[in-house]
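J.: Provided below are the primary sequence and the corresponding predicted coordinates.
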Amino acid sequence: MPHRVTKAIFPVAGLGTRFLPATKSVPKEIMTLVDRPLIQYAIDEAREAGIKEFIFVTSRGKGALEDYFDHAPTLEQELRKKGKDDLLDILKTTNMDSGEIAYIRQHKALGLGHAVWCARRLIGNEPFAVILPDDVIAAETSCLKQMVDAYAETGGNMVAAMEVPPEKASSYGVLDVADDMGHMVSIKGMVEKPAPGTAPSNLAVIGRYILSPNVLTNLNKLESGAGGEIQLTDAIADELQQENAVYGYRFRGQRFDCGSKSGFLQATVAFGLAREELRDDLSAYIRDIVKMENAAE
């Protein structure tokens, strides 16, 4: 019986250069998708999956991210005084209890594998999750909860996976599938950003992982991979060389790449339309835009 997964690493040290100038003073992770920052979606997903300890791998300039999860006594007092209990309840969901959250600095931008390795002492000898907040997933049951439930049956290591167009496979870590069992696949290899036309499949890894502590041992080598960075994919692939199981999990839901401007805009529209109080106005606006574009043609 696999150990329960109660720890999660959130690599949030990136500079968010694709969103400059906004990210000059605002960490990308607290940019708002409708009315919640990206990091809140990741935290809510982790909580639904049973995560109890939240480990943030940060860098210089991320103070606003740390402040976001702190209590705001003055604001809470104002809301209480004005009887705005609904807003007070929303605010409480952003608070993290003392000892529930930890921050570790990644002093050099050496890649995702290095960011995960930075948290090794807080992970110890337990399985752990990794959540990339850039990947926002709309799902009835959260992606990580689906994976945790599947992991309880399989153990080993697990990565979230989805089909991508073959011409886009070179932008992802790609799975070399050994056995396709539907939602779950067992894999015999992983390739990080394969050269165009060489990908072993079009099943790509996206930003959710459940990993054995062995992966941290593999990362101790700190060897550079694709792009000159220390790749988490390589450390997971090492598990296969040691004959430890690695699975890909086809999650149920829609993934948005909020690390890109177009993906962020798409997510804003999708999450806006999913909100009952916003749906009618937003739908009407989109219809009007389409009508104007069609008329212009």
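T.: Nice, thanks for sending it over. Numbering: from 1, shown residues only.

J.: neighbouring contacts of stretch 96-107?
T.: With contacts defined as Cβ atoms under 8 Å, 6 or more residues apart in numbering, stretch 96-107 is touched by 11, 13, 43, 52-60, 66, 69-70, 114-115, 118-119, 122. All C-beta atoms are positioned from the backbone trio N, CA, C, and that covers glycine.

J.: Tell me which helix or strand in the chain has the weakest average pLDDT.
T.: Within the chain, no helix or strand scores below helix 63-68, which has a mean of 81 by mean pLDDT, DSSP states H and E.

J.: Which neighbouring elements make contact with that one?
T.: strand 53-58 (3 or more Cβ pairs under 8 Å, 6 or more residues apart in numbering; DSSP states H and E).

J.: how about the CA coordinates for the strand it packs on, as CSV?
T.: Only the C-alpha atoms of strand 53-58 are listed here, as CSV (Å, rounded to 0.1, in the frame of the first residue of the first chain):
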residue,chain,number,x,y,z
GLU,A,53,2.2,20.7,3.6
PHE,A,54,2.9,23.3,0.9
ILE,A,55,6.5,23.9,-0.1
PHE,A,56,7.2,27.0,-2.3
VAL,A,57,10.5,27.2,-4.1
THR,A,58,10.8,31.0,-4.7
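
J.: In the sheet, which strands lie alongside that strand, parallel or antiparallel?
T.: Strand pairing for strand 53-58, using DSSP bridges, gives strand 7-11 (parallel), strand 101-105 (parallel).

J.: Just the buried positions in the last one, please.
T.: Within strand 101-105, the residues that qualify as buried by neighbour count (16 or more other Cβ atoms under 10 Å) are 101, 104.

J.: State the mean pLDDT of it.
T.: Per-region confidence: strand 101-105 scores 88 on mean pLDDT.

J.: Just checking the distance from whatever helix or strand comes next after that strand to the centre of its chain.
T.: Next in sequence after strand 101-105, counting helices and strands by DSSP states H and E, comes helix 112-117. A distance of 14 Å separates the centroid of the chain from that of helix 112-117, by Cα atoms, centre = their mean, to the nearest Å.

J.: what's the answer for stretch 230-242, then?
T.: That offset, for stretch 230-242, works out to 19 Å (Cα atoms, centre = their mean).

J.: Now do it, average pLDDT.
T.: Here the average pLDDT along stretch 230-242 is 84.

J.: Contacts for that stretch, please.
T.: Counting by Cβ under 8 Å, 6+ apart, 110-114, 116-117, 130, 156-157, 159, 173, 187-192, 205, 209, 211-212, 214-216, 218-219, 222-226, 245-246 sit against stretch 230-242.

J.: From the residues you listed, keep the buried residues only.
T.: So, by 16+ other Cβ under 10 Å, the buried ones in the contacts of stretch 230-242 are 110-114, 116-117, 130, 156-157, 159, 173, 187, 190-192, 205, 209, 211-212, 214-216, 218-219, 225, 246.
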